[in-house]
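1. With the input below, show me the fold.
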Amino acid sequence: MEQQVWVENVWKSFDRGRIEVLKGVSLGVTKGEIIALCGTSGCGKSTLLNVISGLEEVDRGDVRVSGYNVVTESTRIDLLRHHIGYVFQFHHLMSDLTLAENCLVPLIASGGRRSDGMVRLHELAAATGVEHRLDRRVRELSGGERQRGAIVRSLMNDPELLLCDEPTGALDERNREKVFDLLLDLVRARGRTLVLATHDPDLASRCDRTVRMRDGRIEGDSN
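-> Next up is the predicted model:
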């Protein structure tokens, strides 16, 4: 089957090489697959997502997404604009903008037409239950509403690959379940690929596959 993500022997360090975070990581993700990256804080999950997205450059190794080699800056920018959506743990929405304005940022960055974007925005907002909050500034929204808005924003350009870094970690149990149910429904309905970093075994058990990380390495892989 077609590979959406291919990571081969990737190394990544910080502080001029003094802090090694990824140590020879290799990972393949099939198109349409939903996988969970699990492990304790500091094991390298977030860095691996950032490497896949192109937000972080690797020290050495090979990263390919949707057939593109994630090496040059122009390729990484193109992937983030057109092929990859990213949901962060703390939403990263701009508090002084309305939810609608935040969600339209990916469309503006990719050069899309606002008229098309508005149609998609309302479709996604209705599906996530925040359509009635689009005109509210982010600071006026609840935590669950902000995270659902972040999901809308990540899907605005209909990405082939969705990366999520502890997307429900800042929510209470009730909202955590609701947001995760919504995320899975949206991804599966569109046949998209999802790579999710989580420390929650219950969430991981609902994915197609679980990849366990420890100390910058992959130590286990199970269906």
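2. now the strands: where do they sit in this structure?
-> Ranges of strands in the chain, per DSSP state E, are 3-14, 19-30, 34-38, 60-65, 68-69, 84-87, 161-165, 193-198, 209-214, 217-222.
3. Turn those into JSON lines, columns for mean neighbour count and mean pLDDT.
-> Where you see a C-beta, it was placed from the backbone N, CA and C, and this is true even at glycine. Formatted as JSON lines, those follow (neighbours: other CB atoms under 10 Å; pLDDT from 0 to 100):
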{"stretch": "strand 3-14", "mean neighbour count": "18", "mean pLDDT": "95"}
{"stretch": "strand 19-30", "mean neighbour count": "17", "mean pLDDT": "95"}
{"stretch": "strand 34-38", "mean neighbour count": "23", "mean pLDDT": "95"}
{"stretch": "strand 60-65", "mean neighbour count": "18", "mean pLDDT": "93"}
{"stretch": "strand 68-69", "mean neighbour count": "13", "mean pLDDT": "86"}
{"stretch": "strand 84-87", "mean neighbour count": "24", "mean pLDDT": "89"}
{"stretch": "strand 161-165", "mean neighbour count": "24", "mean pLDDT": "93"}
{"stretch": "strand 193-198", "mean neighbour count": "25", "mean pLDDT": "94"}
{"stretch": "strand 209-214", "mean neighbour count": "18", "mean pLDDT": "95"}
{"stretch": "strand 217-222", "mean neighbour count": "13", "mean pLDDT": "83"}
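4. Run through the bridge partners of residue 7.
-> residue 27, residue 63 (DSSP bridges).
5. so where is the chain shaky, pLDDT-wise?
-> 1, 223 (pLDDT under 70).
6. OK, contacts around the residue nearest to the spatial centre of it?
-> For the chain, the residue nearest the mean C-alpha position is residue 163 (2.0 Å; CA atoms, centre = their mean). By CB atoms under 8 Å, 6 or more residues apart in numbering, residue 163 lies in contact with 49, 52-53, 84-87, 194-195.
7. One more: residue 99?
-> Residue 99 neighbours (CB under 8 Å, 6+ apart): 93, 125, 130, 133-138, 141, 145, 149, 152.
8. Among these, the buried ones, what's the ChimeraX command?
-> Typed into ChimeraX, the line below selects the buried ones among those, using 16 or more other CB atoms under 10 Å:
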select :93,125,130,133,134,137,138,141,145,149,152
